[in-house]
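Asker: prediction below, plus the sequence it came from.
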Amino acid sequence: MTASRVREAEVTPKNPAQRRYLRRMSIATVVYVASLLGAKYLIEHALVSGPLVWPLAVVPGLAAAGILYAVGMLIVEQADEFQRMLLVRQVLVATGFAISLATVWGFLEMFLLVPHVEAFWILGLWCFGLFIGGVSNRITHGAWGQCW
């Protein structure tokens, strides 16, 4: 096998569930970033106002839901029970990490000890939590999981 074929085989997942996950995640992430940057630009430069601001604000949130949907469907469609278990562990760690930090920060904010942070950053915490969950899987089970 040539070096280029080896690299291609390493990058292209053979698992159909993983391929669908990558497609869903890619689409949701592109829509999230593009709609967030587009809405921010249009609204900050007063190019859009009134009722049109509502859909511009909602689209990035729906794309974020698409990211969560992609991960959920990967769990549902994963045929290998060990890989599914790793995914579930990864998602549980990510969820616990994000909710815990958001809750602690919320109480600190409520008592005026820290500045306000926009709620959409919780998705970023959750995504970082997927990495922490993968590291946890690697340490405890010798495998990373498939949420990347």
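Answerer: The structure has been received and is ready for your questions.

Asker: give me the buried positions along the helix or strand where Val33 lies.
Answerer: Element membership for Val33 (DSSP states H and E) is helix 16-44. Using 16 or more other C-beta atoms under 10 Å as the test for burial, helix 16-44 gives 17-18, 21-22, 24-25, 28-29, 31-32, 35-36, 39. Where C-beta positions appear, they are placed from N, C-alpha and C, glycine not excepted.

Asker: what of stretch 69-79?
Answerer: In stretch 69-79, counting by 16+ other C-beta under 10 Å, buried: 70-71, 74-75, 78.

Asker: show me what that stretch is in contact with.
Answerer: The list of residues contacting stretch 69-79 from outside it, by C-beta atoms under 8 Å, 6 or more residues apart in numbering, reads 15-18, 20-21, 24-25, 28, 84, 87-88, 91, 130, 146-147.

Asker: one more time with 6 Å
Answerer: Here stretch 69-79 makes contact (C-beta atoms under 6 Å, 6 or more residues apart in numbering) with 17, 21, 24-25, 28, 84, 87.

Asker: quick one, grab the pLDDT at the residue nearest the centre of the chain.
Answerer: With distances taken as C-alpha atoms, centre = their mean, the residue of the chain nearest its centroid is Cys127 (4.5 Å). For Cys127, the pLDDT comes out at 95.
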